[in-house]
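Q: structure for the following, please:
(4 chains)
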2 protein chains.
Amino acid sequence: MTNTTLKLLAQQLQLSISTVSRALKDHPDISASTKAKVNALAQSLDYEPNAYAIQLRTQSSKILGVIVPAISNLFYDSFIAAVEEESRNNGYAVMILQSSHNPENELSNLKIFRQNRVSGVFACLSSSTENLEVYQKMNEREIPVVFFDIVPKDNRFTKVRMADERCAIMAAENIIKRNAKKVLAIFGDEGLSITQKRKSAFQKFMQDFSPKTHCSFAHAASTKEAEEIMKKFADKKQKVDTVFCMTDEILIGVMRKIQELQIKVPNEIGVISISNGFIPNLYYPHISYVETSGHELGKLAFIQMMANMKGGKTLTELTVDAKFVEGGSM
Amino acid sequence: MTNTTLKLLAQQLQLSISTVSRALKDHPDISASTKAKVNALAQSLDYEPNAYAIQLRTQSSKILGVIVPAISNLFYDSFIAAVEEESRNNGYAVMILQSSHNPENELSNLKIFRQNRVSGVFACLSSSTENLEVYQKMNEREIPVVFFDIVPKDNRFTKVRMADERCAIMAAENIIKRNAKKVLAIFGDEGLSITQKRKSAFQKFMQDFSPKTHCSFAHAASTKEAEEIMKKFADKKQKVDTVFCMTDEILIGVMRKIQELQIKVPNEIGVISISNGFIPNLYYPHISYVETSGHELGKLAFIQMMANMKGGKTLTELTVDAKFVEGGSM
DNA sequence: ATAAAAATATCAAACGATTGCGAAAAAATT
DNA sequence: AATTTTTTCGCAATCGTTTGATATTTTTAT
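A: Residues are numbered from 1 along each chain as shown, chains lettered A, B, ... in the order given. Next up is the predicted model:
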């Protein structure tokens, strides 16, 4: 069965294609009676405009692209969900591609986006992306790019991200409030700017406001690594009394060890993390965390995208503020 | 900056558009030298074919649609990830829309898919979807629809799903093996066929092979509900010694209560669930589970899609088999 | 040297929709 | 009744690509 087209409608109604087209879009040139007829037939024949023809003619697609390292991720999936929702409400469809943290995939994804003439892309850099030229070119082609979460340092681009420094500082605040003596702070992948930001902010704040607190720093790129780090520190004689986890992956590893060794939270050890809240609430007591909401970030990103598409380039870096959620683990 | 087109290339090279087009696709009609020239210029001008023009001309898009109740879900996100991966490797892009379990959204999503002339759709029914007519129409338009996870009973459609009965039976087997006396089995949304299947298979198996085991059945549509159910049953005098959780949401609720009440797993209570493994492995001891892999299902769905698109309709119902993963909670 | 075959490149018509411009018909004005 | 205005609609070009048919040139065979 072939799709209904304007031509088909026109033939059946003995009208010209242009009249049918105009009738369908409620153009003032067309009489009410014709409109009625056209609409009726379109309805009964299940007419749906061919988006491809429209885009070809109007040179503007109603598709937005999203590149994430992985869809299957507690943070990114909520970001995607938010973007999808906003997009649909605004007449856009979303095309989602994952880079798997591989710059090559990132490139081929971008290619697909270009072929499909997406009218904008949301991009989260993969950890090893060095070359931003492609993105620069997109901007030159007037395809707005909004970076999120893992963003380039380069300030030629529009970016939205969590208030990373604030997150880290809020965590530090609560660690100090708890009166911690020996802190283990586990951060994520050392190469990412997001890690750097969080770490240096954390470090500085602790230094400035509680210089006597002893802090050990570690990096874990996976749950497994976090688990091992936790193990090492739990084995030591002078145990740490508070552990900070920069990501969900880290928290999971840490909690596995804590449960296994039956360390009491919060009495023997305090735990605090940065998260969207899903993982922290799995445990009892709930883990206290600084909230970073993929959902909020998605909404903000969409707003930025619309702004970029409408008017002049707004090359700003917006941040979603964080808030502390008391769980019971501190 | 405007996009490079065939026309532009042709002008610069003093060739006809058709020659350029053929050169780019390595058509035997074109000489090697011409091809070289064309390719060189195309490269330097960053030529990317306009997917819209191609689709318009060839009447076939390289886009697949996916409808899920929610992207932000441990099962669906891995399904999506798998489909996306397979798709990209086969030259397809994926458009993802979420229904939020709302039939209206489902409908408008389908509309978007039609407008974009997707060449196939993967659909997971929202819990309250009654009217399958739209899907039937898609099939009539020769747009293959592959249902996954929550599938229609109707056998006019192609479906892939987990081996739901097997899952439930495997869980039951292990409950019997544990020598459970009092079992609490919590199932999901009563309206879903997936729930029905799992429940009746579970029920029958327990009845047939261990009629003396006392089973209490309950339904929970959310984590919160599961938590309350668990609370009720933990308070009782004659405590249950084994609890079965049909979904991750339920497991999470149950585990919250168990941790809160400090019930010892597996000594005081055995826990078993159906899951993709992520959640069960968060706890210590790891929860034993029957594995249902969204990733596997996604791959299977893609294969079915390709089969449907290539050849004759293969209206079959395929299932991904389950396997039991020993955690330590039984 | 001439006809036949092979190689190379071009023409032109689609695909489905939009839209400026002009034309015919109907209504309003003089 | 003649003219102007308004309403209603059609013509045709265009977006970028593909592709069957055709034209031109080169090579090979006779």
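Q: and the residue in the stretch 151-300 of chain A positioned nearest to DNA strand C, what does it touch?
A: The stretch 151-300 of chain A approaches DNA strand C most closely through residue A:158 (27.6 Å), counting by Cβ to the nearest atom of the strand. All C-beta spots, glycine's among them, are computed from the backbone N, C-alpha and C. Counting by Cβ atoms under 8 Å, 6 or more residues apart in numbering or on different chains, residue A:158 touches A:144-147, A:304, A:308, A:313-317.
Q: restricted to helices, list those.
A: A:304, A:308 (DSSP state H).
Q: out of the contacts of residue A:158, name the ones that lie in strands.
A: Counted as lying in strands by DSSP state E, out of the contacts of residue A:158, are A:145-147, A:317.
Q: of these, which ones also sit close to chain B?
A: With Cβ under 8 Å from any Cβ of the partner chain as the criterion, these include none near chain B.
Q: quick one: buried ones out of the contacts of residue A:158?
A: Buried subset of those (neighbour count, 16 or more other Cβ atoms under 10 Å in any protein chain shown): A:144-147, A:304, A:308.
Q: which one of these is nearest DNA strand D?
A: Nearest member of the buried ones among the contacts of residue A:158 to DNA strand D, counting by Cβ to the nearest atom of the strand, is residue A:144, at 19.3 Å.
Q: and the closest one, how far from residue A:61?
A: Going from residue A:144 to residue A:61 by Cβ to Cβ, to the nearest Å gives 13 Å.
Q: dump the contacts of residue A:158 into a markdown table; add distance to DNA strand C and pLDDT as well.
A: Compiled in a markdown table, the contacts of residue A:158 are given as follows (distance: Cβ to the nearest atom of the strand, whole Å; pLDDT from 0 to 100):
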| residue | distance to DNA strand C | pLDDT |
| --- | --- | --- |
| A:144 | 21 | 92 |
| A:145 | 26 | 94 |
| A:146 | 26 | 95 |
| A:147 | 31 | 95 |
| A:304 | 26 | 94 |
| A:308 | 22 | 89 |
| A:313 | 24 | 66 |
| A:314 | 26 | 70 |
| A:315 | 29 | 73 |
| A:316 | 31 | 85 |
| A:317 | 35 | 90 |
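Q: residue contacts, residue A:266?
A: Per Cβ under 8 Å, 6+ apart, neighbours of residue A:266: A:285, A:328-330.
Q: make sure it is indeed in a strand.
A: No - under DSSP: H, G, I helix; E, B strand; the rest coil, residue A:266 sits outside any strand and is assigned coil.
Q: redo the contacts of residue A:266 as JSON lines? Include secondary structure, pLDDT and neighbour count.
A: Formatted as JSON lines, the contacts of residue A:266 follow (DSSP: H, G, I helix; E, B strand; the rest coil; pLDDT from 0 to 100; neighbours: other Cβ atoms under 10 Å in any protein chain shown):
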{"residue": "A:285", "secondary structure": "coil", "pLDDT": "91", "neighbour count": "16"}
{"residue": "A:328", "secondary structure": "coil", "pLDDT": "93", "neighbour count": "14"}
{"residue": "A:329", "secondary structure": "coil", "pLDDT": "94", "neighbour count": "24"}
{"residue": "A:330", "secondary structure": "coil", "pLDDT": "89", "neighbour count": "22"}
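Q: picking up where we left off before, which among the buried ones among the contacts of residue A:158 gets closest to chain B?
A: Chain B lies nearest to residue A:144 out of the buried ones among the contacts of residue A:158, by Cβ to the nearest Cβ, at 13.5 Å.
Q: just the CA atoms of the lowest-mean-pLDDT helix or strand in chain A, as CSV, please.
A: Every helix and strand of chain A was ranked by mean pLDDT, DSSP states H and E. The lowest is helix A:133-140, at a mean of 87. The C-alpha trace of helix A:133-140 is given here as CSV (Å, rounded to 0.1, in the frame of the first residue of the first chain):
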residue,chain,number,x,y,z
GLU,A,133,36.9,20.9,14.6
VAL,A,134,33.9,18.9,13.5
TYR,A,135,31.8,20.7,16.0
GLN,A,136,33.2,24.0,15.0
LYS,A,137,32.3,23.2,11.4
MET,A,138,28.7,22.4,12.5
ASN,A,139,28.5,25.8,14.1
GLU,A,140,29.7,27.4,10.9
